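> sequence? don't have it. structure:
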């Protein structure tokens, strides 16, 4: 039997390093699925394609390798859209094989016909259709090459009649994966060094682009006597073994990181595209280094912007930077950070009458989890508590929807993380809203034997949304959730499940949950009135919360106000 085009596509994916393909099979994908079953690539049968995209993203980011998703024509491939927006924004090398109806019906509004090039243009670095068998190898190579080198999503559209066609002889195109040294010119490095030498109070703000550059960032900070603040996505890379660390800034950061940036006279941005302008200093000289030239100066005006890989750039910059002695500015914010961490630990305690604050739950998970555990959190309060309470140590990794801001990513991410490294402990911190949104793929854990551990932060509402409404002076609307007992739901689905509502039972339950050999779910009734306190409270937020309190009292909800005050103050 002659080779089919579908087999050419599969063989090319395998040669490009793909280990797993996540998705759901369907009629137009059958030939591809059959070829996949005869390859070394493992197909992971999901219950919803969106979760498959999150899983592919998790594997791609953890392992820094190309990972695939595949869907049938029309709705099947459309279901990936939100997860692929997430992956593309996180610069995850993911390829979608989007099967399509037969070519002769394209353009006639055929059943399930969708113009995928229009749909995926906004969330991909490559989006093309294989039009003839003669294009199969070349376009598949191009798609893989684009995803790997441009760090994003490639969409390869495969009409079913092309997939079923006999392959033809093509030139031996193949995927090339090279990692060049990328740094600014010597003249630009001299300019950076001169600006740093002229600064008195220097702060480094480090982001996710500092991957693999921990030692270089710390060495530069110690040479400059500069505090190092980091973004939420830079936590894994920068927080650990860093005597100059002063924590995160932004709404979920600490006051030490916030003030270290606002009060400096020279700010060095390393691999960060932090979006919120109010957290940048108004009068400091700003230097920005980023691998992506489109990031330079797009969030805030900078005095000098250069393109370069952070590790390569700092290795070339360090010989140009002299050792400083005055550490007064550094010491001020390091001490403030220590104080902030102590206060944060003081808040991670059982609540009154045996209640369980989310911070307390996360602190116990942090303490009992393995030192090389992988964590993923749903957007909202679980993500905030993970970033504040889970300690980075150079071995752990943390994942969340910090750029796209979508719900329900934790379980999908964890499926990909666990498939990529089966021996590691993988923990999903799920909100009750996010968990119930894509509940079906909990069944995938059983079917695929994926032993992730899920903690559901069950506060009976969309907690972060409610906080936003209160901060705007509004009475909360449409945020309440009437939840089932998720512990029993888990048991009905075939995995270990338990629900805990009392603080005195929590530590034992967490230990039992983490000790399960297979997938396990711990549903925790967390305190619904717990607030996320920002490092700086703007006057409009104080006014908004005051207006909410007045309205709540006037509408007979004074008990909620007093409960909120009691639980948080």
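Everything's here; your move. Bear in mind the structure is a predicted one, so any value in this text is a computation, not a measurement.

> buried residues of stretch 299-319, list them for me.
By neighbour count on 16 or more other Cβ atoms under 10 Å, the buried set for stretch 299-319 is 299-300, 302, 304-317. Glycine gets a C-beta too; all of them are placed from N, C-alpha and C.

> I should have written stretch 182-196 there, sorry.
183-184, 188-189, 191-193, 195-196.

> with adjacent residues omitted, what lies nearest to residue 476?
Once flanking residues are discounted, residue 476 sits nearest to residue 466: 4.5 Å by Cβ to Cβ, 6 or more residues apart in numbering.

> kindly report the same for residue 21.
Of all residues not flanking residue 21 in the chain, residue 68 sits nearest, at 4.1 Å (Cβ to Cβ, 6+ apart).

> quick check, the one you found in a strand?
Yes - according to DSSP: H, G, I helix; E, B strand; the rest coil, residue 68 belongs to a strand.

> buried stuff in stretch 88-105?
For stretch 88-105, by 16+ other Cβ under 10 Å, it's 88-101.

> of those residues, closest to residue 128?
Ranked by distance to residue 128 (Cβ to Cβ), these are led by residue 98 at 10.6 Å.

> is the closest one in contact with residue 155, as I believe?
Yes - if you go by Cβ atoms under 8 Å, residue 98 and residue 155 touch, sitting 5.8 Å apart.

> any common contacting residues for those two?
116, 120 (Cβ atoms under 8 Å, 6 or more residues apart in numbering).

> follow-up on the earlier one: show only the entries of the buried residues of stretch 299-319 found in helices.
310-317 (DSSP state H).

> how about JSON lines for these, with pLDDT added?
Below are those laid out as JSON lines (pLDDT from 0 to 100):
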{"residue": "310", "pLDDT": "98"}
{"residue": "311", "pLDDT": "97"}
{"residue": "312", "pLDDT": "97"}
{"residue": "313", "pLDDT": "98"}
{"residue": "314", "pLDDT": "98"}
{"residue": "315", "pLDDT": "98"}
{"residue": "316", "pLDDT": "98"}
{"residue": "317", "pLDDT": "98"}
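
> can you name the residues bridging to residue 496?
Using DSSP bridges, the bridge partners assigned to residue 496 are residue 520.

> and it, what pLDDT?
Per-residue confidence at residue 496 stands at 98 (pLDDT).

> so what's residue 205 bridging to?
residue 229, residue 269.

> ok, it - contacts?
Residue 205 neighbours (Cβ under 8 Å, 6+ apart): 228-231, 249, 261, 267-270, 272, 274.

> try 10 Å
227-231, 234, 238, 249, 257, 260-261, 264, 267-272, 274, 279-281, 286, 288 (Cβ atoms under 10 Å, 6 or more residues apart in numbering).

> can you map out the strands along the stretch 1-150 of the chain?
20-23, 42-45, 67-71, 94-100, 126-129 (DSSP state E, counting those that start in this stretch).

> list the buried residues of the lengthiest helix in the chain.
Ranked by number of residues, the top helix in the chain under DSSP H is helix 328-347. Within helix 328-347, the residues that count as buried by 16+ other Cβ under 10 Å are 329-330, 332-334, 336-337, 340, 344.

> and for stretch 369-382?
For stretch 369-382, by 16+ other Cβ under 10 Å, it's 369, 373-382.

> quote the end-to-end distance of it.
Distance across stretch 369-382, first residue to last, is 16 Å (Cα to Cα, to the nearest Å).

> so for it, mean pLDDT?
96.

> any chance of the buried residues of stretch 369-382 in CSV, plus secondary structure and distance to residue 83?
Below are those laid out as CSV (DSSP: H, G, I helix; E, B strand; the rest coil; distance: Cβ to Cβ, whole Å):
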residue, secondary structure, distance to residue 83
369, coil, 26
373, coil, 23
374, strand, 18
375, strand, 19
376, strand, 13
377, strand, 16
378, coil, 14
379, coil, 13
380, coil, 18
381, helix, 22
382, helix, 18
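
> what is the nearest of the residues you listed to residue 405?
Nearest to residue 405, judged by Cβ to Cβ, of the buried residues of stretch 369-382 is residue 379 at 5.6 Å.

> how about residue 499, what does it touch?
Per Cβ under 10 Å, 6+ apart, neighbours of residue 499: 456, 458, 485-490, 509, 521-525.

> would you write a PyMOL line that selects the buried entries of those?
Selecting the buried subset of these in PyMOL, with 16+ other Cβ under 10 Å as the burial test, is done by:
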select buried, resi 456+458+486+487+489+490+509+521+522+523+524+525
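
> what's the farthest-apart pair in the contacts of residue 499?
The farthest-apart pair in the contacts of residue 499, when distances are taken by Cβ to Cβ, is 489 and 509, at 16.7 Å.

> thinking again about what came up before, want to throw the buried residues of helix 328-347 into a markdown table with distance to residue 202?
Shown next, in a markdown table, are those (distance: Cβ to Cβ, whole Å):
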| residue | distance to residue 202 |
| --- | --- |
| 329 | 8 |
| 330 | 9 |
| 332 | 13 |
| 333 | 12 |
| 334 | 14 |
| 336 | 17 |
| 337 | 16 |
| 340 | 21 |
| 344 | 26 |
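
> endpoints of stretch 510-522, how far apart?
Stretch 510-522 end-to-end distance (Cα to Cα) = 7 Å.

> show me which residues of that stretch are buried.
510, 513-514, 516, 519-522.

> closest one of these to residue 43?
For the buried residues of stretch 510-522, the nearest to residue 43 is residue 519 (19.2 Å; Cβ to Cβ).

> and that closest one, what's its pLDDT?
In this model, residue 519 carries a pLDDT of 98.

> give the contact list for it.
Per Cβ under 10 Å, 6+ apart, neighbours of residue 519: 411, 414-415, 418, 426, 428, 442, 444-446, 448-454, 490, 493-497.

> the residues you listed in strands, which ones?
426, 428, 453-454, 496-497 (DSSP state E).

> of those, buried ones?
Using 16+ other Cβ under 10 Å, the buried ones in the ones in strands among the contacts of residue 519 are 426, 428, 453-454, 496-497.

> mind putting the residues you listed into TSV with distance to residue 30?
As requested, those are exported to TSV (distance: Cβ to Cβ, whole Å):
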residue	distance to residue 30
426	31
428	32
453	35
454	33
496	35
497	35
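
> nearest to residue 388 among those residues?
Closest to residue 388, out of all of these and judged by Cβ to Cβ, is residue 428, at 17.5 Å.

> tell me the bridge partners for the closest one.
residue 376, residue 454.

> could you measure from residue 380 over to residue 467?
Residue 380 sits 9 Å away from residue 467, going by Cβ to Cβ, to the nearest Å.

> okay then, goodbye and thanks.
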